[in-house]
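Peer 1: One predicted model, sequence on top.
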Amino acid sequence: MPDEILDKSLLSKYKDRLEQELGAKNLQPGKSVVSKEYSDFREEILPRHLSIYEKLCDFCGRIFKIKPPKHREAELLEAIEMCHLKVTPTGVISFSIVAPILFGIILSLIFYSISGSFFFVYFFLIVAIFLIMPLGKLPDFLATTWRLKSSNQMVLCIFYVVTYMRHTSNIELALDFAAEHLTPPLSLDIKKVLWDIETEKYPSVKESLDAYLKTWKNYNLEFIEAFHMIESSLYEGTEEKRLAALDKGLDLILEETYEKMLHYAHNLKSPITMLHMLGIILPILGLVILPLVVSFIPEIQWYHLSTIYNLFLPILVYIMGKKILATRPTGYGDTDISEDNPQLKKYRNILFTIGKTEVKINPMYISIMVFLILMFIGFLPLLMHAADFPDMGWGRGDSNSPCGRNFCLLGFEKDEDGNVIGPYGLGAGLLSMGITLALGISLGLYFKLKSKNVIKIREESKRLEEEFAGALFQLGNRLGDGIPTEMAVGRVSETMEGTVSGKFFELVSNNIRRLGMSVEQAIFDEKYGALLYYPSRVIESSMKVLTESIKKGPSVAALALMNVSKYIKEIHRVNERLKDLLADVISSMKSQIKFLAPVISGIVIGITSMITNILGKLSGQLGSFGDTSGSNVPLDLPNLLGGRGIPLFYFQIMVGVYVVQITYILTVLANGIENGSDSLNERYELGVNLIRSTFMYVFISGTVTVLFSIIASNILPNL
């Protein structure tokens, strides 16, 4: 009896302890205990915004269990595993059907209650039907995005593994070295390979790596082949053959990358042309005839056209662009260095000094302030009308004009039913450009100010990378001559004085001589290390190879640096060849972003203002004319012309917002084609292009509108 009491007390004691350590909910029947390490790993690899999607899929999967076909289930499982989602194929399919139906019903009811038009009911129900397929393929899209980001780092991954294994023939340590210097998501995949060994899912690194490489079987064969060459180096009998196998692995992925990019560049012209036609040419040509359509069919309102131009078309162009990016092969891209290095995050702000104090301002505050000011200017005509502000105008007198002049500031009128319509005034149309400026300039300022400082640092690091191959070769030669590393660094800095490489090695040398640091501290120290001023993964890994190989002697370090120098040159050469292949496509897209879209749209706004002005004046002045053939049936021209047309105020907002949207989408697409998944350059290009395109559009549309309005005012008296 006492033994049973003792057993129960011990059991109760350890149960309480487990509840404290792991939580009571994890000890419920049917619940698996999850280690803290796995939870941390899971949180690291999963983007936060995907957790909402996971919860929605889980909710829909429990209420409406719609199972996909077996072949589709296998495809979904592969995509889910690739992007590390915590969903089931049943949940994905259930969500893809339930969510669009609810979305269509709710939005159609809301907009019908507001506008009283069945247009929105039909539109949102059609959109809901079309959303079913894309949502069902969302895991495939996420997996494609994951693959695009990962494949952008594959050349560097092979470079890091080969570089490390040249001086230490251990693939597990080489993978750890690569995971340390790569950025997500590929670094997380490599960590997962090592994690599966630690958790004993696979007995060896080879089996774990081979299992991971199978996921790339249908997408990047060159990546798999390169790793197989690296694995084969472990079984070579001589050092010469081992190094040859490693070199062959890197050469293989570089050559295959070039060949696949060559085919990609050739096949890119047709989809880009189609995107150009659907995204720019056809919509803008449609804008020319829209004023006539609206004038003859008064049931069509500006918000109907805005739904098509500002919602349907941008989504269509974006989906087409993502499909083009999905076919991009393995590349060589850059990352946002401020995400990797916490000390650089402050450069995302606007920095200036007051005395000895460094002041940081978040660019978002500047953008919001600019947005509110310009938006107030844009909505000023509506606010003035709401406040019963008297209309005013300029030009010669016009009895049919609301303000008694040729050109009105507001231009509000009354239709046959006595409803107030407008504003049709030239001043209101020009003021509405403030809304376009508010969107384009505020977004552009935010992206540009957030990335400007960081991209300067990265460009300086890129300049160092371009020179670094030669500097490493010189350093390798000095070490090969038997000179100590501390002295060799100083001599290279003197030889390359005035260059970026010379400055880098001068910093290292100064840290060694003045602060008494070791070579490793002089490079990697958190406060004074030279890498703080030149944050680059390639340079960091090269210096890590130097500090690791120097432990085995200066001759080993010399050989390692010379080979790293050769690899960097090879990667740079292939990268330049890839840029040459894509030069025609990229230059065409950039001309569309910077010139064609804003200029053509601006001219269309001017034409629209003239057509609307002429048709409006004609419908107001002409009465019923008898038929000259002798018939007694009157020809009612005002009714034939239909409505008054879309006010320039609303039409300009619709076109201006579309210009901002298409500039954003094409910039993201052009950056993705040229640089792969490079978020920093994408933000910088967005900042530059949005500001430039928006200003150009507003200038062209404002100038042409004023000129064409003057022309229209001179034509009408003659009519």
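Peer 2: Perfect, I can see it now.

Peer 1: any idea whether Ser591 is helix, strand or coil?
Peer 2: helix (DSSP: H, G, I helix; E, B strand; the rest coil).

Peer 1: From Asn689, how far out is it?
Peer 2: The gap separating Ser591 from Asn689 is 12 Å, by Cβ to Cβ, to the nearest Å. For the C-beta atoms, the positions are set from N, CA and C on the backbone; glycine is no exception.

Peer 1: which helices and strands sit right next to the host helix or strand of Ser51?
Peer 2: Here Ser51, judged by DSSP states H and E, is contained in helix 49-63. Applying 3 or more Cβ pairs under 8 Å, 6 or more residues apart in numbering; DSSP states H and E, we find helix 49-63 packed against helix 89-115.

Peer 1: Which residue, other than its chain neighbours, is closest to Met496?
Peer 2: Gly502 (3.6 Å; Cβ to Cβ, 6 or more residues apart in numbering).

Peer 1: Torsion angles phi and psi at Leu351?
Peer 2: The phi and psi values for Leu351, taken as degrees, to the nearest 10, are phi -110, psi 130.

Peer 1: Domain map for the chain?
Peer 2: 56-136, 279-329+358-455+580-627+634-718, 456-572 (automatic domain parsing).

Peer 1: State the helix or strand in which Ala178 lies.
Peer 2: Here Ala178 is assigned to helix 171-181, by DSSP H and E.

Peer 1: got the angle for the following helix or strand past that helix vs helix 171-181?
Peer 2: As assigned by DSSP H and E, the chain's next helix or strand after helix 171-181 is helix 186-198. If you take axes from the mean of the first three to the mean of the last three Cα atoms, to 10 degrees, helix 186-198 sits at 140 degrees to helix 171-181.

Peer 1: could you say what helices and strands helix 186-198 packs with?
Peer 2: helix 36-45, helix 138-151, helix 154-167, helix 171-181, helix 205-213.

Peer 1: can you count the residues close to the closest residue to Ile230 other than its chain neighbours?
Peer 2: Leaving aside its chain neighbours, Ile230 sits nearest to Gly249 (4.6 Å; criterion: Cβ to Cβ, 6+ apart). Number of residues near Gly249 (other Cβ atoms under 10 Å) recorded here: 24.

Peer 1: do Tyr303 as well
Peer 2: 16.

Peer 1: Can you name the next helix or strand after the helix or strand harbouring it?
Peer 2: Element membership for Tyr303 (DSSP H and E) is helix 302-307. Scanning forward in sequence from helix 302-307 by DSSP H and E, the next helix or strand is helix 313-326.

Peer 1: so how far is that following helix off the chain centroid?
Peer 2: How far helix 313-326 lies from its chain's middle: 12 Å, per Cα atoms, centre = their mean, to the nearest Å.

Peer 1: any idea of the angle it forms with helix 138-151?
Peer 2: Going by the same axes, to 10 degrees, helix 313-326 makes 50 degrees with helix 138-151.

Peer 1: where in the stretch 1-150 of the chain is pLDDT low?
Peer 2: 1-50 (pLDDT under 70).

Peer 1: 90 instead, please
Peer 2: Scanning the stretch 1-150 of the chain for pLDDT under 90 picks out 1-92, 94-150.

Peer 1: before we move on, the earlier item: buried deepest among the helices and strands packed on helix 186-198, which one?
Peer 2: helix 154-167 (a mean of 24; mean count of other Cβ atoms under 10 Å).

Peer 1: okay, the angle between it and helix 138-151?
Peer 2: Using the same axes, to 10 degrees, helix 154-167 lies at 50 degrees relative to helix 138-151.

Peer 1: avg pLDDT for helix 154-167?
Peer 2: Averaged over helix 154-167, pLDDT sits at 83.
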